[in-house]
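[1] Sequence below, structure please.
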Amino acid sequence: MSTLRIGIVAGEASGDILGAGLLAELKQRFPDIEIEGIGGELMQAEGCKSLYPMERLSVMGLVEVLGRLRELMGIRRSLVKHFTAQRPDLFIGIDSPDFTLNLEGKLRLAGIPTVHYVSPSVWAWRSKRVFKILKTTDLMLTLFPFEAKFYQQHAMPVEFVGHPLANMIPVEPDQASARADLNLPYEQKIVALMPGSRGGELKYLAEPFLDTARWLLKRNADLVFVMPAANQERFDHLRALIDRGYSDLPIKLVLKRSREVLTAADAVLIASGTATLEALLLKKPMVVAYRMAPVTYMILSRLVSSKYISLPNLLADAPLVPEILQKDVRPEILGPAIEQALVDSDEQSALKQKFYEIHLQLRQDASKKAADAIVRLLQSRGRLSGNAGV
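    Presented below is the predicted three-dimensional model:
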């Protein structure tokens, strides 16, 4: 057999984490594998040749996408041209469904098998998208069990692989070591502020989160705050914001290292997204918040049928953690919710026990299961011999 060639596209930081784990597993099985597409630093470290900076695909919201639509469509056309001229044995789209599913469809029409890793939220809104997925994708890899059940009901080839973070994060986190590594105090209560990794999220959440820190500090002068930045650009943005208006706060700004920040914290004020899953796996009480452009929110609120937006609540199908949205994202509402999360109580103990149960459910060795499913697909299409990559 010739060298295995994989095309792959991830559009944001969470996809970069998933892609890196999958590529590492595939490299163990196929040492000569060739990988190209779009990925971040982690995927590139695993050998992915990124044809465009991943940040160009990281756009939040319906309205915000319109300003970048021409560029995004140009990148997609270029990728279709590239992959149809230099055909991979398989194409993998990771999350970012508005971009990757269309790309998968065009490549599948050209005879290239396609896999989508991370289900779109078809179970929550725009459920008819499943019929598009049936046309564009040969195999869906889901992170959560409730997603796999949805696709099985529609006769879509699907594999529940669990979430890689559930294997990467220890069941019992070491808070003391994380505080030592970050040079944070042992005895004081620490609140992590995590307004998101995207520019749009910082625009809408960074100042309300910092205002909430100031609100909390007035009521508890011993609190310490820590905020991670996803990259140097975000770090510089947050540093300037803090220096300009929040230099009075006892806040430590950290470049990357979001997992250590979460591990060190006693409670977390956090943007809805993958980071809430990390907080769950680290058994941290949290308050989930989200704001977006009012027009975007008006459109989405009419389309979404799910009761919850945060992964902890979706996984439990119950309101485990507070969800605070749009106009309610302000200190007088966020602050009391964080105060409650900081209190040791029977309610908080029960919450951590539920987080523990979900952690075990998701601990499936996801990268290995995803690679197994991909090998089976390649074998079924004659791109691998019977025992290759097993």
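[2] thought residue 72 was touching residue 57?
    Yes: checked against C-beta atoms under 8 Å, the pair residue 72 and residue 57 is within contact range at 7.0 Å. Where you see a C-beta, it was placed from the backbone N, CA and C, and this is true even at glycine.
[3] mind listing the helices in the stretch 151-300 of the chain by residue range?
    164-168, 175-181, 199-219, 232-245, 258-264, 274-281, 294-303 (DSSP state H, counting those that start in this stretch).
[4] Now do the fourth one, average pLDDT.
    The average pLDDT within helix 232-245 is 94.
[5] how much does it deviate in direction from helix 199-219?
    Interaxial angle of helix 232-245 relative to helix 199-219 (axes from the mean of the first three to the mean of the last three C-alpha atoms, to 10 degrees): 40 degrees.
[6] quick one: contacts of helix 232-245?
    Contacts of helix 232-245 with the rest of the structure, by C-beta atoms under 8 Å, 6 or more residues apart in numbering, involve 197, 199, 202, 206, 207, 210, 227, 229, 249, 251, 253, 255.
[7] same deal with the fifth one?
    Outside of helix 258-264, the residues that reach it under the criterion C-beta under 8 Å, 6+ apart are 169, 173-175, 177-179, 181-182, 184, 190, 192, 194, 226-228, 230, 254, 268, 275, 278-279, 282, 284.
[8] cool, the shortest one as well?
    Helix 164-168 is contacted from outside by 17-18, 21, 277-278, 281, 359, 362-367, using C-beta under 8 Å, 6+ apart.
[9] Of the contacts of helix 232-245, select the buried ones using a ChimeraX command.
    To isolate the buried ones among the contacts of helix 232-245 in ChimeraX, judged by 16 or more other C-beta atoms under 10 Å, type:
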select :197,199,202,206,210,227,229,249,251,253
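[10] among the contacts of helix 232-245, which two are most distant?
    199 and 249 (22.1 Å; C-beta to C-beta).
[11] after the worst-scoring helix or strand of the chain on mean pLDDT comes which helix or strand?
    Lowest on mean pLDDT, DSSP states H and E among the helices and strands of the chain sits helix 62-66, with a mean of 56. Counting by DSSP states H and E, the next helix or strand C-terminal to helix 62-66 is helix 69-85.
[12] can you list the weak-confidence ranges in the stretch 151-300 of the chain?
    Under the criterion pLDDT under 70, the flagged ranges of the stretch 151-300 of the chain are 297, 299-300.
[13] and with 90 instead?
    Along the stretch 151-300 of the chain, segments meeting pLDDT under 90 span 164-165, 168, 196-204, 230-231, 272-274, 291-300.
[14] Please apply the same query to the stretch 1-150 of the chain.
    For the stretch 1-150 of the chain (pLDDT under 90), the answer is 1-2, 12-14, 55-72, 96-98, 120-130, 145-146, 149-150.
[15] What segments of it are strands?
    For the stretch 1-150 of the chain, strands defined by DSSP state E, counting those that start in this stretch occupy the ranges 5-10, 34-38, 48-50, 90-94, 114-117, 139-142.
[16] and residue 346, which of those is closest to it?
    strand 139-142 (33.8 Å).
[17] how about the CA coordinates for the closest one, as PDB?
    Coordinates of each C-alpha in strand 139-142 appear next as PDB, following Å, rounded to 0.1, in the frame of the first residue of the first chain:
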ATOM      1  CA  LEU A 139     -19.000   8.500   9.400                       C
ATOM      2  CA  MET A 140     -20.000  10.700  12.400                       C
ATOM      3  CA  LEU A 141     -17.800  10.500  15.500                       C
ATOM      4  CA  THR A 142     -19.600  11.800  18.600                       C
END
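[18] Buried residues, it. List them.
    Neighbour count says strand 139-142 has 139, 140, 141, 142 buried, by 16+ other C-beta under 10 Å.
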